[in-house]
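**Q** Sharing a model prediction with you, sequence too.
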Amino acid sequence: MSDELNMNDKLYINYLQSEWRLSYSHIYALWKKRKLVFRMMEKEFCRKKEDWHILDAGCGNGEYLFWLNEYFGGKYRLFFDGADLSAGSIETAAKRVVSQNNTNFNFRVADIEKTKFADGIENKYDVVICLETLEHLKFPETALENIKKVTKPNGLIIMTTPDNYSFTTRLEQYLRALKKKVKKNGGCSFIDIAEIIKITKQFFSGANLPQLSPAVGYGHISEKSTAEWIKLCRAAGLKVMQIKRTNLFFGGDFFDRHPFWFGVILWIDTLLDYLPLSRWFCWEHILMMRK
């Protein structure tokens, strides 16, 4: 287990230092998701409950919890717990708690896939968030069952995960797959027509295309469609109350190099927020659920 944790720590450090974190098209994607999650949280906090106990399952270095505390801490009494498999990430979060002299945070190394995860904390949390985590797990159904166990009756659960089968995700996979098939000979680039036909047939038939490689490096080993995630959540006993689309594309170096096209994507993405059936045109969904 220690070797596995050390590897995860190294991957997380590489992720924090990567250009991915400095890409403004990626920053937009993260900003929009955070805005939507915060709106859901604010509506929940408006219930005027005095104390709120919040868990981030798969918290990384605790970024979201610190943001929540900064944004809502002056209005509500918030108590935060963070759990993550990476010892390095938890250590980073704990150091930040000490440096900021926070008394309402608690972080621990824990595996939300283990059945013992919920021991001693059943029905503890008013809100549980699980962001960009389940697609990295071998047994996400176990994690969902644990999330249900630790959530109070009628408590709020917010989950985000990529939709590997949305139109825009598959289009991005298709374009990247084509790009990998480009061959260079001297100063010229060319691609085998047979390869184009093969990949195009896969795209239109719904067959699996090469998955997008996450910058964090842990691997998306449980990517599913949103419909499949909804089915898993309901099987775990959770009530799906709302589904929100995030942004059209996740971003990337192409949009960073071509700000005009990034501006076009922003305009289209904003328009899609107000159109019906636009859930098919985004790379990720946010599920708001109740126990």
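**A** Here it is on my side, so go on.

**Q** Which strand in this protein has the most residues?
**A** Longest strand in the chain, counting residues (DSSP state E): strand 151-162.

**Q** That strand pairs with which strands, and in what direction?
**A** For strand 151-162, sheet partners with direction are given as strand 125-131 (parallel), strand 284-290 (antiparallel), following DSSP bridges.

**Q** now for these, which one comes closest to Leu232?
**A** Closest to Leu232 of those, according to CB to CB: strand 284-290, at 10.3 Å. (C-beta placed from N, C-alpha, C; glycine too.)

**Q** how about the CA coordinates for that closest one, as PDB?
**A** Backbone C-alpha positions of strand 284-290 (Å, rounded to 0.1, in the frame of the first residue of the first chain) are rendered in PDB as follows:
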ATOM      1  CA  GLU A 284     -19.000  16.400 -17.900                       C
ATOM      2  CA  HIS A 285     -22.200  16.500 -15.800                       C
ATOM      3  CA  ILE A 286     -22.900  17.400 -12.200                       C
ATOM      4  CA  LEU A 287     -25.400  15.200 -10.400                       C
ATOM      5  CA  MET A 288     -27.200  16.600  -7.400                       C
ATOM      6  CA  MET A 289     -28.700  13.800  -5.200                       C
ATOM      7  CA  ARG A 290     -30.400  13.100  -1.900                       C
END
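
**Q** Give me the contact list for that strand.
**A** With CB atoms under 8 Å, 6 or more residues apart in numbering as the test, strand 284-290 has contacts from 33, 36-37, 40, 154-163, 226, 229-230, 233, 238-247, 250, 279.

**Q** could you point out where this protein is predicted with low confidence?
**A** Scanning the chain for pLDDT under 70 picks out 1-22, 181-192, 202-219.

**Q** 80 - rerun?
**A** Counting by pLDDT under 80, the chain contains low-confidence ranges at 1-25, 48-49, 164-220, 249-255, 277-280.

**Q** Would you map the helices across it?
**A** For the chain, applying DSSP state H gives helices covering 2-17, 24-45, 63-72, 87-100, 140-150, 167-180, 193-205, 226-235, 253-257, 259-272.

**Q** List the contacts of the fifth one.
**A** With CB under 8 Å, 6+ apart as the test, helix 140-150 has contacts from 55, 57, 112-115, 117-118, 121-125, 128, 130, 133-134, 137, 157, 222, 232-233, 235-238, 291.
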